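>>> I'd like to go over a predicted model; first the sequence, then the structure.
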Amino acid sequence: MKVIITTPSFGKFHNGLVEEMEEKGCDVIKLIPYSREQMLVEIIDADAWIIGLENADKDLLQHAKQLKLIAKHGVGIDNIDIEAASARGIAVTNAPGTNNDAVADLAFGLMLSVARSLPEANRLVKGNGWSRFDGVSVWGKTLGIIGLGAIGRGVAKRGKGFNMDVLGYDVSPPSPEEEELNIVRVSLNELLQASDYISLHVPLNQYTRSMISENEFSLMKPNAILINTARGGIIDEKALYEALLESKIRGCGLDVFEKEPPVYPELIELKNLVVTPHIGAYTNEAVQLTSEISLENVYRLLNGETLKNVVNEMKLV
Ligand code: NAD
């Protein structure tokens, strides 16, 4: 069985995972760094693809003659054309519950970083400078969470630890875990108007694209701090640039961008913006778990067993 791996994180914190796969009967092709040109050739006779953030679009999938599984090494599946995969009988799986704590940690870290200008303060002292930065408190403030799935709830738990009032907005009914957390559900507009910190945790899709744009910024408090560790495209970057430039909000922390690496230099240069290079899921612990879950599906395919975490409801045996 031919398995293509295109994510550099797969097996990074395991010894000999690829060797183990080969022993079990996988013919492993690592396409790292990723090259679409090479992928167009390799995908023709591949059976499984362990994918990171690479684009699995309709054009590419048309070349796959025997692909049965795209195993996402992560949670977000917006880089995969699910419809095209389903039409070709390819199961798409992901790895839920593996990186939620890693992303929730980063979201909280970005909140603290923006609130206390940590990157700027660090730069200053390392450059032999010494001056004061006036920050704002995180402790005891109001935190608004958009998307109360695994990551959103994780951020809520951290917020509770910081004595915050936690507001939430989601289109799905509350889970039992959410109910235990005492999150106050409000409308999106109410959340935007009342929160000191706003953290985004919805998937990117046709309903959430540009969910935060000019109108939403106009509703936020002038002292609001916005965090996006979900996906670029959920915030309209032009509207964000204007909101930060005109101090409509206090600051923003971004781990994700409309285009990655980001191509909006005026935005990146703003002092009240803290940025990281899409590292939300990258802790040793989360990567290890994600690799194990992705690989389990490859082995299930190899052994003719039912796949786990199939997101396009295809049942392959
Ligand atoms: P999840 O599926 O557990 O939760 C998503 C929540 O969003 C669900 O409760 C859902 O009902 C809600 N939702 C969907 N559409 C909505 C809408 N239009 N309005 C309001 N709520 C809506 O997912 P998760 O594990 O919490 O991950 C959330 C997102 O975080 C992923 O889709 C992914 O894009 C992103 N993510 C980023 C990184 C990173 O490295 N920065 C890592 C993992 C995940």
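Received the coordinates, thanks. Residues are numbered from 1 along each chain as shown.

>>> going forward, measure contacts and count neighbours with C-alpha atoms only.
Noted.

>>> where along this structure do the strands fall?
Here the chain has its strands, by DSSP state E, at 2-5, 27-30, 48-51, 69-72, 91-93, 142-146, 165-169, 184-185, 197-200, 225-228, 251-254, 273-275.

>>> Can you report how many residues neighbour residue 292?
Around residue 292 there are 19 other residues, counting by other C-alpha atoms under 10 Å.

>>> Which pLDDT value does the model give it?
Per-residue pLDDT puts residue 292 at 96.

>>> quick one on the thing from earlier: can you redo the strands of the chain as JSON lines with mean pLDDT?
Shown next, in JSON lines, are those (pLDDT from 0 to 100):
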{"stretch": "strand 2-5", "mean pLDDT": "98"}
{"stretch": "strand 27-30", "mean pLDDT": "98"}
{"stretch": "strand 48-51", "mean pLDDT": "98"}
{"stretch": "strand 69-72", "mean pLDDT": "98"}
{"stretch": "strand 91-93", "mean pLDDT": "97"}
{"stretch": "strand 142-146", "mean pLDDT": "98"}
{"stretch": "strand 165-169", "mean pLDDT": "98"}
{"stretch": "strand 184-185", "mean pLDDT": "98"}
{"stretch": "strand 197-200", "mean pLDDT": "99"}
{"stretch": "strand 225-228", "mean pLDDT": "99"}
{"stretch": "strand 251-254", "mean pLDDT": "98"}
{"stretch": "strand 273-275", "mean pLDDT": "98"}
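
>>> Would you format these as TSV with distance to the ligand and mean neighbour count included?
Formatted as TSV, these follow (distance: least, C-alpha to the nearest ligand atom, whole Å; neighbours: other C-alpha atoms under 10 Å):
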stretch	distance to the ligand	mean neighbour count
strand 2-5	18	22
strand 27-30	22	16
strand 48-51	14	26
strand 69-72	11	26
strand 91-93	13	25
strand 142-146	6	26
strand 165-169	6	24
strand 184-185	11	16
strand 197-200	8	26
strand 225-228	8	26
strand 251-254	9	26
strand 273-275	11	22
